[in-house]
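Q: pasting the structure only:
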């Protein structure tokens, strides 16, 4: 690999520039740079708000030797779903026209004579035609070109794309690391303690709770509905779950919201198991721990485990492009709550 113009130490000032945790990934990329083994394409996968895009942008900025705003660099490209001109809402997918325009730019020499870097956000949103248009670039990349694809799960990305990338999995970050980062940014101790736990290993989620009171209240509203499902009949359950989904949204947006509902339900169910094992200090939802404990006693371990199995089946159906509303309706019928 040609020298990027940055020392390895300089490249990974990322440790002090917004990346919380993920030392293993930083070390892996650092070694790839040092040994001239940087792949031409990486697929970064992990939960929402865990830090995938933050790390990708910081790595891109340092690889390009750019100290300013990344989006102003002529050799940096960001591909994501475009928004409708009238409604302002994101389109259903990343389409072929976007990818063709990108590939044309990547086939040219770098404007600044160094690297070209592209981040493809929501790589699972590439439709079939767009994915096919990207294959040649992935198979025959232009020298000194790096593609960083970001997704919540490798399974959600088309196999033809996934197989041509090196997959990097982002694990959840320890609550103590998130708490310390919140403190460093001036968050008071009680909120730092609470939000670091409610984040469930995803630093970006903790910061959203700090910065946006509506996000926190939305989670709490969703949580109240889930904790009340066992007192409702099937029709009431369905109405409660359906009411959490957005109206007139794209498939991807509705699927993402359904995923949030199921993830939160899984967190609460896992908390009941932790409490049952005497691990009260390890639960995510510490602010409603007594309520979760009572919920777990009412359900019993067998029903909790069965509910977790139903959730995994529901997630698999959403990944297979079954309609999210239909999935949640079936889940309302299947949950042994």
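A: On my side now, so go ahead. The structure displayed is predicted, hence computed values, not measured ones.

Q: and the residue nearest to residue 139 when sequence neighbours are not counted, what does it touch?
A: For residue 139, ignoring the flanking residues on the chain, the nearest one in space by Cβ to Cβ, 6 or more residues apart in numbering is residue 164 at 6.4 Å. Bear in mind the C-beta positions are built from the backbone N, C-alpha and C, glycine included. With contacts taken as Cβ atoms under 8 Å, 6 or more residues apart in numbering, residue 164 has the following neighbours: 41, 135, 138, 139.

Q: ok, residue 305 next?
A: Applying Cβ under 8 Å, 6+ apart to residue 305 gives no contacts.

Q: same check on residue 136?
A: Residue 136 touches residue 103, counting by Cβ under 8 Å, 6+ apart.

Q: you'd agree it is in a helix?
A: Yes. When DSSP: H, G, I helix; E, B strand; the rest coil is applied, residue 136 is found to be in a helix.

Q: roughly how far apart are it and residue 102?
A: 12 Å (Cβ to Cβ, to the nearest Å).

Q: and for residue 225?
A: 41 Å.

Q: and for residue 56?
A: Residue 56 sits 16 Å away from residue 102, going by Cβ to Cβ.

Q: which helix or strand in the protein has the lowest average pLDDT?
A: The element with the least model confidence among the helices and strands of the chain, by mean pLDDT, DSSP states H and E, is helix 8-11, at a mean of 46.

Q: return the set of buried residues in the next helix or strand after that one.
A: On the C-terminal side of helix 8-11, the closest following helix or strand by DSSP states H and E is helix 23-34. By neighbour count, with 16 or more other Cβ atoms under 10 Å as the criterion, the buried positions of helix 23-34 are 25, 26, 29, 30, 33.

Q: quick one, domains of this protein?
A: For the chain, automatic domain parsing gives the domain ranges 8-169, 174-211, 214-334.

Q: least confident of those, on average?
A: Set side by side, the domains of the chain give their lowest mean pLDDT on domain 8-169, at a mean of 88.

Q: just give me how far that domain sits from the chain centre.
A: Taking Cα atoms, centre = their mean, to the nearest Å, one finds domain 8-169 lying 14 Å from the centre of the chain it belongs to.

Q: how many neighbouring residues does residue 229 have?
A: When neighbours are defined as other Cβ atoms under 10 Å, residue 229 has 17 of them.

Q: leaving out the residues flanking it, which one is nearest to the most centrally placed residue in the chain?
A: Among the residues of the chain, the smallest C-alpha distance to the mean C-alpha position (Cα atoms, centre = their mean) belongs to residue 48, namely 2.1 Å. If the residues on either side of it in the chain are set aside, residue 48 comes closest to residue 152, at 6.0 Å by Cβ to Cβ, 6+ apart.
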